[in-house]
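Asker: structure for this input, please:
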Amino acid sequence: MTDTKFTIVRLTLDGDKFELLVKPDPALEYKLGKRADISSVLVSDEIYTDANKGSRASSEKMTKHFKTTDATEIAKQIILRGELNLTTDQRRKMVEEKRKQIVQFINRSFVDPKTHLPHPIMRIEAAMDEARVPIDPFKKAEDQTKIIIDSLRKILPLKSETVKLTVTVPPQFAAQSYSVLKATGDLKGEEWLSDGSLRAVLEMNASIKGQFLDRLGSATKGSAQVKEE
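Answerer: Presented below is the predicted three-dimensional model:
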């Protein structure tokens, strides 16, 4: 099965192996939640124990692990829970995209302890190259950052500084400002006041405070009140 038009998804449950033959790009889209139609993903609706040998899974084992023998339902579970054998091109693209997300997350969330400013993107990228940090294309950027930060700290001084702000937005700007608040930091609390104003408590990295105040100022025409706790 070396034809790149097909690839395999594998799932092992209590030592029993289950495999599917799928189309690489549609299967990846389905696994990432970007495609809903599983029929466009499957090369065959057969459930295998070894797709290369053509060995089919028994009804007993399917019932034991999936509580059904419906091939479509089992295929959905295998794709979502199993390991998709990515093509070389898919893996390269996914790793590159995940790497960008991780670099941006570090840039937003950590500062140089000497200057209290974020490190430039290029400096973070160079440090990641030097540290040779492994990147999991399926794992969320935030979930990988702790291990990566531990590796980068040997090369790049990094410090996480947070600030807590209480923001009060007048009624006429409350709706459009809410998306700015949610997108910028960790919303710790919100309260809609009797006059329609929005009061929110927001925690964020200190390095993006200035950027946030600029965006909030634009959204509220400078009418929002901000108090740092």
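Asker: phi, psi of the residue most central in space within the chain?
Answerer: Against the mean C-alpha coordinate of the chain, by CA atoms, centre = their mean, the closest residue is Lys140 at 3.4 Å. Here is the backbone geometry of Lys140 (degrees, to the nearest 10): phi -60, psi 140.
Asker: and Ser197, by the same measure?
Answerer: As for Ser197, its main-chain torsions (degrees, to the nearest 10) stand at phi -70, psi 160.
Asker: for Ile155, same thing?
Answerer: Main-chain dihedrals, Ile155, degrees, to the nearest 10: phi -110, psi -40.
Asker: pull the longest helix from this protein.
Answerer: Assignment by DSSP state H gives helix 88-109 as the longest helix of the chain.
Asker: tell me the buried residues in it?
Answerer: 90, 94, 98-99, 102-103, 105-109 (16 or more other CB atoms under 10 Å). C-beta coordinates here come from the backbone N, C-alpha and C atoms, glycine included.
Asker: stretch 203-222 now?
Answerer: In stretch 203-222, the ones that count as buried by 16+ other CB under 10 Å are 204-209, 212, 215-216, 219-220.
Asker: kindly report the same for stretch 132-148.
Answerer: In stretch 132-148, counting by 16+ other CB under 10 Å, buried: 133, 135, 137, 141, 144-145, 148.
Asker: hang on, the earlier thing: looking at the buried residues of stretch 203-222, which is nearest Gln172?
Answerer: Set against Gln172, the nearest of those by CB to CB is Thr220 (8.7 Å).
Asker: now do the helices in the protein.
Answerer: Under DSSP H, the chain gives helices at 24-31, 59-66, 71-81, 88-109, 121-131, 141-152, 171-184, 209-220.
Asker: could you export these as CSV, including distance to Ser44?
Answerer: What follows is the helices of the chain, written out as CSV (distance: least, CB to CB, whole Å):
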stretch, distance to Ser44
helix 24-31, 13
helix 59-66, 15
helix 71-81, 9
helix 88-109, 20
helix 121-131, 40
helix 141-152, 34
helix 171-184, 43
helix 209-220, 51
